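>>> Next comes the sequence, and after it the predicted model I'd like to discuss.
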Number of protein chains: 4
Amino acid sequence: MAITKEERKRQILEMSIKVFAKQGFHKAKIEDIAIEANIGKGTVYQYFTSKKELFKEMVAYCMMGYNSQLEAIIVSQLGIKDKLVALVDFYDVYIREHFDIAQMILSQTELLSKEMKDWIMREKVKTHLLIEKMIDIGIEKKEVRPDIEREVAALAIIGTLNQYLGKKVLIQGHKGPKIDSAPLVSFLLKAIQ
Amino acid sequence: MAITKEERKRQILEMSIKVFAKQGFHKAKIEDIAIEANIGKGTVYQYFTSKKELFKEMVAYCMMGYNSQLEAIIVSQLGIKDKLVALVDFYDVYIREHFDIAQMILSQTELLSKEMKDWIMREKVKTHLLIEKMIDIGIEKKEVRPDIEREVAALAIIGTLNQYLGKKVLIQGHKGPKIDSAPLVSFLLKAIQ
Amino acid sequence: MAITKEERKRQILEMSIKVFAKQGFHKAKIEDIAIEANIGKGTVYQYFTSKKELFKEMVAYCMMGYNSQLEAIIVSQLGIKDKLVALVDFYDVYIREHFDIAQMILSQTELLSKEMKDWIMREKVKTHLLIEKMIDIGIEKKEVRPDIEREVAALAIIGTLNQYLGKKVLIQGHKGPKIDSAPLVSFLLKAIQ
Amino acid sequence: MAITKEERKRQILEMSIKVFAKQGFHKAKIEDIAIEANIGKGTVYQYFTSKKELFKEMVAYCMMGYNSQLEAIIVSQLGIKDKLVALVDFYDVYIREHFDIAQMILSQTELLSKEMKDWIMREKVKTHLLIEKMIDIGIEKKEVRPDIEREVAALAIIGTLNQYLGKKVLIQGHKGPKIDSAPLVSFLLKAIQ
DNA sequence: TATGAATGAGCATTCATTCAT
DNA sequence: AATGAATGAATGCTCATTCAT
């Protein structure tokens, strides 16, 4: 019956995502999060030492699993085209879930310790390297032209996905239908093949 | 020979860019801006009714001229390749100047009125349409393949530029040498030709 | 073989002395005392209704026995000089044990109920009367000059002991050697003989 | 017409003495002090960076002048007896004015920085040395017996004054008549002559 | 009886904004 | 027009106390 410490912490984190996403860091009040989680204000402080700390842990919580899911796609036996399709679908789901919070994380870096910023940067680099790896595998499998500039290609894929999915979700809202990956994938294939 | 109201206002705006960029909206204090502009705190309120208002005017001030400069490139007599080169160079300069502020604008939309957000959105759409126009001209001039998905292509170009330049500026800092546009341009050409 | 209620209460009191003395009333946390006593925070409330109540009981606990020990010296068969020596030795031990707490008690009277303050005042008066009694006995035994102002003399003895021992303990710390009573005693004797 | 910064600061200090003395450091609210001084809460923070800082400045403000007044008495041409009388009178006035605050200062040393504590300690040492100086001058002028233990005598004088005046003020309140110095002085003279 | 997770009243502090000079 | 002293609403955080287990 009793809720474990870990569950309670996760519960607060989930609610903080909602509130931070809706209000932004500064407008969000600890009390709002507590009310949302249906607990007392002080209880939040049993699990997180400060508002900033809660924010940081939420950021880590949101980014957790991102790269490992990405890697699963990259190292799969799929052809480059199917990988791109899987990538779009993954971004589609991820951005819908984390759209508001993602923007905040990018911007409110003032709140994050150097350590945390470095960690985020490292995660981004990992993402970049995974995409480069995908390109390498593609070259090996003769699915990607061998003269490609890997760095440019990787940045282009990430930038295009962000821009495209970002726009779609922004216009359709989080509840819209799954994005059609076909046009995006065919454009990217043209560029890398 | 007192300076005009307009000059004083511009002076405050310029200083507010510095301070907002360095501190972010919430950490930036009106007093900091006043000190930076070498005027009294109260004087700021002679020109702007509130901190938020100042922020909004600063946003407009920063985005002003963006699309018109872009259009000048698009409608020029340059070939598609040279347009892309000019685009990269323009982004290079613009992002260096507005890197910090650009992130803030994207994120701190909570601060902006619906009207202002709509205006920003319309400006973004204008940018998008300008890039699409560039593609259309390219198709007409047989410099771009005619079967291209114009929306995807435009988003890809914008997304790629953002990601590429963003990364370069982040790593090299604002003072680094001009970015080499060649690899980026050749990648994009491959995708659209 | 559970310990009795009384023992547990004494145990908490002893630990509260340590913590109150080190931290002062306001900085001392009930949890600190509980941790020090190796019990749960809630358990403290089984024995004391509130932090203030605990503080008050600690004050009473510390002062308990003070006057009775003093009286033992006063009514003893010792001559006035030996009584003064015994007094210095007693103060020496007492102040070492209760130095930190003594200062607190004097100051944080805001915390004490009128009743408690009155009780402390009465204890002080008792102390004063005991010293006066010592003087009276001394006069009877022709060890003290008969024209002495008893009140002044008593206050002087108490004040001098406090000042002298307080300074010595403050400088030497609680672990220093026993104070040499000779110079103090000879000075006081000169005044009252 | 306009109040100077210095006057405003002094005004806040004076009011803080009242409030700190009545409530103690912890119960005293900045708002109370502001209300008492008939100013806004925020104004206090224009003059003092924090509540603790205000407390420290108040302590310094209260102790300021103490030793210099004392010295004036010590180095005067008065005989030892008249010096003691002047001393009692000075203590009488000083303790009436600072009775509540004096107790607080002694106790709430937790609030004071090491630097401030050291300063207080040095001031106390100065006081002690001044009294020793008085004794030395007395010996020179053959008003004090030459075999006296200077340290003990100084501590005894200070301790006796504190105890005696403290008791009198405690019983009579701050509004009572001037203390009769005669019995105290004659007792102390007996001890040192 | 013992526990410690949950609670929320209470307060120091900040800073945008006002307004008398 | 320019100033900066004064203001007070707003909020993060602490910790004594409660109470379900």
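Perfect, thanks for sending it. All values reported here derive from a predicted model rather than from experimental measurement. Numbers count the residues shown, from 1 in each chain, chains lettered A, B, ... in the order given.
>>> From now on I want contacts and neighbour counts done on CA atoms only, so please keep to that.
Fine.
>>> how near is residue A:191 to chain D?
The gap separating residue A:191 from chain D is 61 Å, by Cα to the nearest Cα, to the nearest Å.
>>> name the element whichever residue of chain A sits closest to chain B belongs to?
Minimum separation of chain A from chain B (Cα to the nearest Cα) falls at residue A:191, amounting to 3.8 Å. Assessed by DSSP states H and E, residue A:191 sits inside helix A:182-192.
>>> buried residues in that helix?
Buried residues in helix A:182-192, defined by neighbour count with 16 or more other Cα atoms under 10 Å in any protein chain shown: A:184-189, A:191-192.
>>> State the next helix or strand along the chain beyond the lowest-mean-pLDDT helix or strand in chain A.
Among the helical and strand segments of chain A, the one scoring lowest on mean pLDDT, DSSP states H and E is helix A:80-107, with a mean of 84. On the C-terminal side of helix A:80-107, the closest following helix or strand by DSSP H and E is helix A:114-140.
>>> List the buried residues in that next one.
Across helix A:114-140, burial judged by 16+ other Cα under 10 Å covers A:116-117, A:120, A:123, A:126-128, A:130-139.
>>> Counting neighbours, what do you get for residue A:69?
Neighbourhood size, residue A:69 [other Cα atoms under 10 Å in any protein chain shown]: 12.
>>> The strand or helix carrying it packs against which elements?
Assigned by DSSP H and E, residue A:69 belongs to helix A:66-74. The contact analysis (3 or more Cα pairs under 8 Å, 6 or more residues apart in numbering or on different chains; DSSP states H and E) places helix A:66-74 against helix A:80-107, helix A:114-140.
>>> buried residues in that helix?
Buried residues in helix A:66-74, defined by neighbour count with 16+ other Cα under 10 Å: A:67, A:70-71, A:73-74.
>>> mind giving me the domain split of chain A?
Following automatic domain parsing, one finds the domains of chain A at A:5-59, A:65-192.
>>> least reliable of these going by mean pLDDT?
With a mean of 87, domain A:65-192 has the lowest mean pLDDT of those.
>>> could you check whether it is close to DNA strand E?
No. Counting by Cα under 7 Å from any atom of the strand, DNA strand E has no neighbours in domain A:65-192; the shortest distance is 13.3 Å.
>>> ok, back up a step: which residues sit in contact with the residue nearest to the residue of chain A closest to chain B when sequence neighbours are not counted?
Take residue A:191 and drop its neighbours on the chain: the residue closest to it by Cα to Cα, 6 or more residues apart in numbering or on different chains is residue B:191, 3.8 Å away. Each residue near residue B:191 by Cα atoms under 8 Å, 6 or more residues apart in numbering or on different chains is listed here: A:187-188, A:190-192.
>>> try 7 Å this time
Residue B:191 is in contact with A:187, A:190-191, counting by Cα atoms under 7 Å, 6 or more residues apart in numbering or on different chains.
>>> Distance to residue D:53 for the residues you listed - can I get that in JSON lines?
Below are the contacts of residue B:191 laid out as JSON lines (distance: Cα to Cα, whole Å):
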{"residue": "A:187", "distance to residue D:53": "66"}
{"residue": "A:190", "distance to residue D:53": "68"}
{"residue": "A:191", "distance to residue D:53": "66"}
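>>> Among those residues, which one lies nearest to residue A:79?
Using Cα to Cα, residue A:190 comes nearest to residue A:79 of the contacts of residue B:191, at 14.8 Å.
>>> Skipping adjacent residues, who's closest to the closest one in space?
In space, residue A:190 comes closest to residue B:191 once its chain neighbours are excluded; the distance is 5.3 Å by Cα to Cα, 6+ apart.
>>> What distance do you get for that neighbour to residue C:98?
The spacing between residue B:191 and residue C:98, counted by Cα to Cα, to the nearest Å, is 84 Å.
>>> what does residue A:12 give?
Counting by Cα to Cα, the gap from residue A:12 to residue C:98 is 46 Å.
>>> Which one's more surrounded, those two?
Between residue A:12 and residue C:98, counted using other Cα under 10 Å, residue A:12 has the larger neighbour count: 22 against 17.
>>> Is that one in contact with residue A:39, as I believe?
No. With contact defined as Cα atoms under 7 Å, residue A:12 does not count as touching residue A:39 (9.0 Å).
>>> circling back: out of the buried residues of helix A:66-74, which is nearest to residue B:17?
Residue B:17 lies nearest to residue A:67 out of these, by Cα to Cα, at 35.1 Å.
>>> residues contacting that closest one?
Shown in contact with residue A:67 (Cα under 7 Å, 6+ apart): residue A:127.
>>> burial measure for the residue lying closest to residue A:128 once chain neighbours are set aside, as a count.
Once flanking residues are discounted, residue A:128 sits nearest to residue A:154: 6.3 Å by Cα to Cα, 6+ apart. Residues contacting residue A:154 under the criterion other Cα under 10 Å number 24.
>>> Residue A:154 sits in which helix or strand?
Using DSSP H and E, residue A:154 falls within helix A:150-172.
>>> Go ahead and name everything in contact with that helix.
Contacts of helix A:150-172 (Cα under 7 Å, 6+ apart): A:88, A:92, A:96, A:128, A:131-132, A:135, B:155-156, B:159-160, B:162-164, B:183-184.
>>> Next, the buried residues of it.
The neighbour-count check on helix A:150-172 (16+ other Cα under 10 Å) flags A:150-166, A:168-169 as buried.
>>> How about stretch A:31-40?
The neighbour-count check on stretch A:31-40 (16+ other Cα under 10 Å) flags A:32-34, A:36-37 as buried.
>>> and chain A, which of its residues are near chain B?
Neighbours of chain B within chain A, by Cα under 7 Å from any Cα of the partner chain: A:103-104, A:107, A:149, A:152, A:155-156, A:159-160, A:162-164, A:183-184, A:187, A:190-191.
>>> got the angle for the helix holding residue A:191 vs helix A:80-107?
100 degrees (axes from the mean of the first three to the mean of the last three Cα atoms, to 10 degrees).
>>> and the angle for helix A:182-192 with helix A:150-172?
160 degrees.
>>> Restricting to C-alpha, output helix A:182-192 in PDB.
The C-alpha trace of helix A:182-192 is given here as PDB (Å, rounded to 0.1, in the frame of the first residue of the first chain):
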ATOM      1  CA  ALA A 182       7.900   9.800 -46.400                       C
ATOM      2  CA  PRO A 183       8.700  13.300 -47.800                       C
ATOM      3  CA  LEU A 184      11.300  14.000 -45.100                       C
ATOM      4  CA  VAL A 185      13.000  10.700 -45.600                       C
ATOM      5  CA  SER A 186      13.100  10.900 -49.300                       C
ATOM      6  CA  PHE A 187      14.600  14.400 -49.100                       C
ATOM      7  CA  LEU A 188      17.400  13.200 -46.700                       C
ATOM      8  CA  LEU A 189      18.100  10.100 -48.800                       C
ATOM      9  CA  LYS A 190      18.600  12.300 -51.900                       C
ATOM     10  CA  ALA A 191      21.100  14.300 -50.000                       C
ATOM     11  CA  ILE A 192      23.200  11.400 -48.600                       C
END
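>>> chain center to it, what's the gap?
Once both centres are worked out by Cα atoms, centre = their mean, to the nearest Å, helix A:182-192 turns out to sit 22 Å from its chain's centre.
>>> Could I get the buried residue list for stretch A:93-102?
A:95-96, A:98-102.
>>> Check what contacts it and list those residues.
A:21, A:169, A:174.
>>> Could you do stretch A:12-24 as well?
The contact list for stretch A:12-24, computed with Cα under 7 Å, 6+ apart, reads A:28, A:33, A:36-37, A:58, A:100-101, A:104.
>>> what's the closest of those residues to residue D:63?
Distance to residue D:63 across the contacts of stretch A:12-24 (Cα to Cα) is lowest for residue A:28, with 46.2 Å.
>>> any idea how far residue A:33 is from the residue nearest to residue A:192 when sequence neighbours are not counted?
Spatial nearest neighbour of residue A:192, chain neighbours left out: residue A:144 (5.6 Å); criterion: Cα to Cα, 6+ apart. Plainly put, residue A:144 is 48 Å away from residue A:33 if you go by Cα to Cα.
>>> Residue A:71 too?
33 Å.
>>> do the same with residue A:187
In terms of Cα to Cα, residue A:187 sits 43 Å off from residue A:33.
>>> before we move on, what about residue A:69?
For residue A:69 relative to residue A:33 (Cα to Cα), the value is 29 Å.
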